[in-house]
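[1] any chance you can model this:
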Amino acid sequence: MCPGGRLPALSALAPLALMTGLMTPAPVTAANSTIGRTWPIAEPDALSEIEGRAAHVPDMKTAFGPRERWSAMQPAALGIARAERNRTVVPFYTLDQDIRLPGGKILYAKGYSFNPLAYVALPQRLIVVHPRDLAWALRTARPADFILLAAGGLSQAGDTDADAITLGERHGRALFLLEERVKARLGLTVAPVIVAQTGQKLMLTEVAMPPSPQRAAR
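    Numbering: from 1, shown residues only. This next block holds a predicted model:
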């Protein structure tokens, strides 16, 4: 041991110095090297190929006319709600074919009916409106709700001069078309109507919109 007891002190600091050295970044140098033969990439750039193909896609509006006239963009028609009314619907589903187990045994026979709401929950509401009432739907809808556009309402300039895609872009929210099968499935007859699950039923709240000067003029 050195005089003054310095050796033990240095020994105690040795692990700390070691850890400090390990944690301190040291200069690193790297070199590139080529092993074997190389060839240039023959495949075209994916993004350039997509852009090139997109440039040759025919203009759909020129080929088929405005989107609002396409048959695929035509929603199901509903009447206009004239009074406030609440009613319930049970969306029974009937199997159109047998459901069999892997061994061939029938689990559920064709014609079996059941209520899907007994097994699943509808987390969002459906707000079904004519385009003229879209502003009301946008104010009423929660972020998770679906807004469905129906046909059959009186026209009102501003929100009936465009298709659902254009309207969605205009208002910054996804909009959907009411399909005939959804109309029949939910028993819809008029709009505006709010569809929400209550237990194992659907509550349909039909809303009578107040008259407006534009509607009175029509």
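[2] now stretch 169-188 - C-alpha only, PDB.
    Taking Å, rounded to 0.1, in the frame of the first residue of the first chain, the C-alpha atoms of stretch 169-188 are listed here in PDB:
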ATOM      1  CA  GLU A 169     -64.600  17.000 -49.900                       C
ATOM      2  CA  ARG A 170     -66.500  20.300 -49.600                       C
ATOM      3  CA  HIS A 171     -67.400  19.700 -46.000                       C
ATOM      4  CA  GLY A 172     -64.300  17.700 -44.900                       C
ATOM      5  CA  ARG A 173     -66.300  14.700 -43.800                       C
ATOM      6  CA  ALA A 174     -66.900  11.300 -45.400                       C
ATOM      7  CA  LEU A 175     -70.500  10.900 -46.700                       C
ATOM      8  CA  PHE A 176     -72.200   7.700 -47.800                       C
ATOM      9  CA  LEU A 177     -75.100   6.900 -50.100                       C
ATOM     10  CA  LEU A 178     -78.200   5.200 -48.700                       C
ATOM     11  CA  GLU A 179     -78.500   1.800 -50.500                       C
ATOM     12  CA  GLU A 180     -81.800   0.100 -51.300                       C
ATOM     13  CA  ARG A 181     -80.800  -2.900 -49.200                       C
ATOM     14  CA  VAL A 182     -80.000  -0.800 -46.200                       C
ATOM     15  CA  LYS A 183     -83.300   1.100 -46.600                       C
ATOM     16  CA  ALA A 184     -85.200  -2.200 -46.700                       C
ATOM     17  CA  ARG A 185     -83.100  -3.700 -43.900                       C
ATOM     18  CA  LEU A 186     -83.800  -0.800 -41.500                       C
ATOM     19  CA  GLY A 187     -87.400  -0.200 -42.500                       C
ATOM     20  CA  LEU A 188     -86.700   3.500 -43.500                       C
END
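[3] just the residues contacting it, thanks.
    Stretch 169-188 is contacted from outside by 73-76, 78, 89, 91, 126, 128, 134, 138, 141, 146-151, 162, 164-165, 167-168, 195, 202, 204, using CB atoms under 8 Å, 6 or more residues apart in numbering. C-beta: built from backbone N, CA, C; applies to glycine.
[4] could you give the mean pLDDT of that stretch?
    For stretch 169-188, mean pLDDT rounds to 90.
[5] for stretch 209-218, same thing?
    For stretch 209-218, the mean per-residue pLDDT is 58.
[6] next one: stretch 131-143
    When pLDDT is averaged over stretch 131-143, the result is 93.
[7] cool, and stretch 105-119?
    92.
[8] gap between the two ends of it?
    23 Å (CA to CA, to the nearest Å).
[9] with stretch 122-137 instead?
    Stretch 122-137: ends 19 Å apart by CA to CA.
[10] next helix or strand past the helix or strand harbouring residue 185?
    Assigned by DSSP states H and E, residue 185 falls within helix 180-186. Where DSSP H and E defines the elements, the next helix or strand beyond helix 180-186 is strand 190-191.
[11] is it correct that residue 142 is in contact with residue 127?
    No. Contact criterion CB atoms under 8 Å: residue 142 and residue 127 do not qualify, at 9.1 Å.
[12] thanks a lot, see you next time.
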